[in-house]
Each structure stands twice: as C-alpha cells, then as structure tokens.
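[1] return atomic coordinates for the entry below.
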Amino acid sequence: MPKGLVPKSSSTPASRSISASEIARNVKTFETWSSYNGCEQVAFSDLPDSIKADVISVFDVKGKLPQSLVAKTSSTYKRVEKLSPGLHKFLLRAYDKMPSLFCQKSKKVDDCLLELGTVFLAWSRLNRMKETKERWSEADFAANVYNLLRSPAMRECSYRNQCSIQLPQPLPTKLPVPLTSRRIISTKIIVPDGSMFIRAASLQKLSQARSSAYKRINEHPSTKRTCGHDGESTFRYQATPALRPQPTPMFEFAGAFLEDKKPSCDSLEHAFRQNRMACAAAQRQLNSFCIESPVFGLIWADEKVKAHVDWCLKEGKHPKIFSAAYPGAIAIEEADQEENGTSPSAASRSTAYSQPVLEASEFFEWDLFEPADVLCVFIVLRNLDQWIAHGFRDRVLRGINARVKAVVEDDKPYMPWRIEESALKAKVLRSSSLSNTENTVSPRSSNASSIPGLPLSSKHAQPPAVPVRKSTRSKTRSQNR
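    Got it, this is the predicted structure:
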C-alpha cells in the first residue's frame, strides 16, 4: 500500500441496510420485512364491518356523471357534440360500456365538463404514446397521463409527489435476529410516487392552542419517557408519517398512496409490495393514536390501475396489518348475495365453507385505454379526495380525542411507532435502479448494532483504527535541494 494512504473500512454491503424498493422487488426479503412488522395479505371479504362502508363508498362509481352529457334531447349533448367532437365520442363510448356511470341527478355540468376535458386529454395522450411504438419510461407515463388524471380530482386533500415516508419500527421479538434480517428490518425510508394527506388547515385546532391535543400529549411526563427529549423518536416525529415533520409542530396523517411502475412482467407485484410498506407505516401511526381507519393504495402499471385497502387490528399485545386486493364491484355484489343466500350458487355451497371468500390475490383492473375505465379511475380518485377531507378526518379527530383521554386521564402512555434514530445504520446499500431520495439517510444518524426490542444473534466489532503515516517524500526532496 502506498505510504500516506488509509486502508478502507472492512465493512461490506452485506452489513448495510437495503432500500425499500429492493425489499419490495424480492419476494423473500419482503416476506422477512412483513413478518417482523406484522403484515399479512388477506381476502377482501375479511374487511371489518367498522370500515366497510367507507371502503365501499370510495370505490362507488355509479351515477357520478350527469345524464345530460349523453342524452340526445339535452342541450348539453348538442353543445358538446358541436364544440368537442372527440370528447363527445369519448363519452358515448363510455356510456355504451357502462351506462351506470350516468344518472339524472342535477349537477353542475359546466364544472364537470372541465374535469372530463382533462380526463379526455389524458386518455388521448395515452393512445398517442401507444401509436408511436416508442419506449416510454415510468416518468413519461406519470407526466403525460397519470398526473393529468390526478390533478383535477384532488381538490380537498393535500397531494404530495415523491414524499419520503418513515417506515415503522419492527415489532418486538424474543428470538435472535440474523444479520441478513437486520439489514432488511433496519431500512428507514420509502418514497411512494404519490401520497394523499389531510390538509393541514383541517387539523390546526388539534395542535395550535396550548390546551390542544398535540400539546397535552407532548407535554405529558409519560410521553417524555417513551419518546425521549431529542432525536427522531420525539413526539414531533411520531405525529407524522413523513420522514421530516413540518416547520410548525402539528399532526399529519396520510390516507392513500400511489405507486407507478413501467410495464414489465412483475411490475404489479413489485408495486403492490412497495405500496403495502407505505400503508403499513401509515397504519402503525394511526394505531398509535387510537385511529381505526382504512388506508388505500393505487397501483399504476401496464397502462392499468389496480387498488388495495389496508387496515389494522390489534391481536394480542401488538398490532397486525392486513392488506386486501380490491376485486371489483361485481365480485363484491356476488359475494354479498352468497352471504345473504340470494345467489343461485348459495344453496349448493358446502356447509363447511358457509362464508363466501374472495381470493386474496384477485385484483380488479381498470384499463386506461377504455373510456369507461379511465372515467372510473378519475371518479375513484375524486371519491378518495373527498373521503380523506371528510370521512378520514372525522376518524382522525375521534381517535386523537381517545388518545388524549387515555394519556391524560387513564394514565396510559403514548407508545412510539417510528424507528429510533440511534437504531439505524448510516450507510444504505445503493442500487442503480433506485432514486437518491430513497437511499438518503439523515446525517445525524449514527451506527448501531441493534434495533430496539429486537435481540441480535451477533454484534460486529468495529475494526481497530490504523494510524496514518505521514509521508516523508516532500521533506526528503527539500533537503536534497
């Protein structure tokens, strides 16, 4: 080794954390992560009754568009036919395939036309991209198609693009954690392509006043004991699923995540697993504040859109997070008919399996090349926007009030859900397929050999420091001169 050079550290990629995207890409690593975080994939029929109405309302697309758009006798029909023939044909094709999208209820047709014009533009761009037969990236689809559908639909919630989300702290276990597993469960960050939050203005009353829920929980002595006084485990960080809190101390809650993937053979499963990780983070935060609510995920891949819903139930001492694919309205109606005994197949069903079961992996998909399906996706986005601004917010308010009562009156301390800063390694395994944001770790993070609550099978000692030998070349040269 040349004089004056310091040997590199003996640490190898095998001892570093891997990114969330790499975890989701590999089935084995994801199963490890999900087992340590209490995640399980189930059927849509397992949805609890307490949140079922909210879930059904989000996916309800019937009668959301005015009938006058496709009724030949209406003045709106003739106006659209004359001013925008392309939009007119687009609406007629959607009506032929799915008449239930339209209804006679009076609505503001002009406002609806503005939104539908943007949906038609996104659909037209998608068709032009296909006709060119060029290779398009994930970012190309997002910029030209996906964002055109999302922007006009999201009016009342706070939509954040590429917002870094904090992954939850693994659940405690008595068994030793191997090094390979520790690399997976110590991963800190996930970056969904889109996140839908409650607007800050809707939650201001929970944190501004001195007597607010935020202040009462934060200033309670038990919270200081469980969350600490400094670092990323403090209550200010626990109050948000985002990696970094807002400048002003406040609550933040996310109700939906969107993941985009370019067309490939395994893009659906990869995006689904990645979205489940983000939803698990949101559910762990909600559970820590006594909030019972679904969290939705939308997967955009292969010019199709699929959806899933996640929820949390406490089984024993620790919460368990369930994920179910959305199977479509027809499958849900058939399952309900079987359960009520009104389906022709209900009588022939075996008594051993008296409850109808929807397959856990049975996704319903909307094809963005179909006018009716792209309108359905737009309506679902709009339903999500309204639910997050109202239904989800109401659930948050009830849960926060219950948590305040538990902490202040019942003397039940608030328990943190985020990974503590001292439990994270400063180095993250990088991959050329990952964004720099997802591989970023706070410079304040320090090296550690364990995760809180998880015993380790072994600890790696740091290599001894090697003294640096000063070079004598320059001194020798000056003497020779």
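
[2] what bits of the stretch 1-150 of the chain have low per-residue confidence?
    Regions of the stretch 1-150 of the chain meeting the criterion pLDDT under 70 cover residues 1-15, 106-107.

[3] P168 contacts C279, doesn't it?
    No. When contacts are counted by CB atoms under 8 Å, P168 is not listed as touching C279 (10.7 Å). Quick note: C-beta positions are derived from backbone N, CA and C, even for glycine.

[4] how far away is G297 from R25?
    To R25, G297 is 17 Å away according to CB to CB, to the nearest Å.

[5] so between those two, which is more surrounded?
    A count of neighbours by other CB atoms under 10 Å puts G297 above the other of G297 and R25, at 25 against 19.

[6] now do the SS call for that one.
    Three-state call for G297 (DSSP: H, G, I helix; E, B strand; the rest coil): strand.

[7] right, and it touches E259 too?
    Yes. If you go by CB under 8 Å, G297 and E259 touch, sitting 7.1 Å apart.

[8] which neighbours do these two share?
    Counting by CB atoms under 8 Å, 6 or more residues apart in numbering, the common neighbours of G297 and E259 are F272, N275, A278.

[9] can you list which of these are found in strands?
    Judged by DSSP state E, strands contain none of the shared contacts of G297 and E259.

[10] mind listing what's buried in stretch 382-402?
    382-389, 391-393, 395-397, 399-400 (16 or more other CB atoms under 10 Å).

[11] whoops, I mixed them up, stretch 81-95
    S84, L87, H88, F90, L91, L92, A94, Y95.

[12] narrow the residues you listed to those in helices?
    L87, H88, F90, L91, L92, A94, Y95 (DSSP state H).

[13] quick check: nearest residue in space to the last one, chain neighbours excluded?
    Counting by CB to CB, 6 or more residues apart in numbering, Y95 lies nearest to V70, which is 4.3 Å off, once chain neighbours are set aside.

[14] what's the farthest-apart pair in the buried residues of stretch 81-95?
    Greatest spacing in those, by CB to CB: S84 and Y95 (15.5 Å).

[15] go through this protein and flag its longest strand.
    Assigned via DSSP E, the chain shows its longest strand as strand 304-315.

[16] state the mean pLDDT of that one.
    The average of the pLDDT scores along strand 304-315 is 94.

[17] note down every partner strand of that strand and its orientation.
    Strand 304-315 pairs in its sheet with strand 295-301 (antiparallel), strand 318-325 (antiparallel), strand 365-367 (antiparallel), by DSSP bridges.

[18] make JSON lines out of the buried residues of stretch 81-95 and add distance to S202.
    Shown next, in JSON lines, are those (distance: CB to CB, whole Å):
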{"residue": "S84", "distance to S202": "36"}
{"residue": "L87", "distance to S202": "34"}
{"residue": "H88", "distance to S202": "38"}
{"residue": "F90", "distance to S202": "35"}
{"residue": "L91", "distance to S202": "34"}
{"residue": "L92", "distance to S202": "39"}
{"residue": "A94", "distance to S202": "33"}
{"residue": "Y95", "distance to S202": "36"}
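
[19] what residue is smack in the middle of this protein?
    By CA atoms, centre = their mean, the mean C-alpha position of the chain lies nearest to F257, the distance being 3.3 Å.

[20] and that one, which of the three is it?
    With three-state DSSP as the basis, F257 sits in strand.
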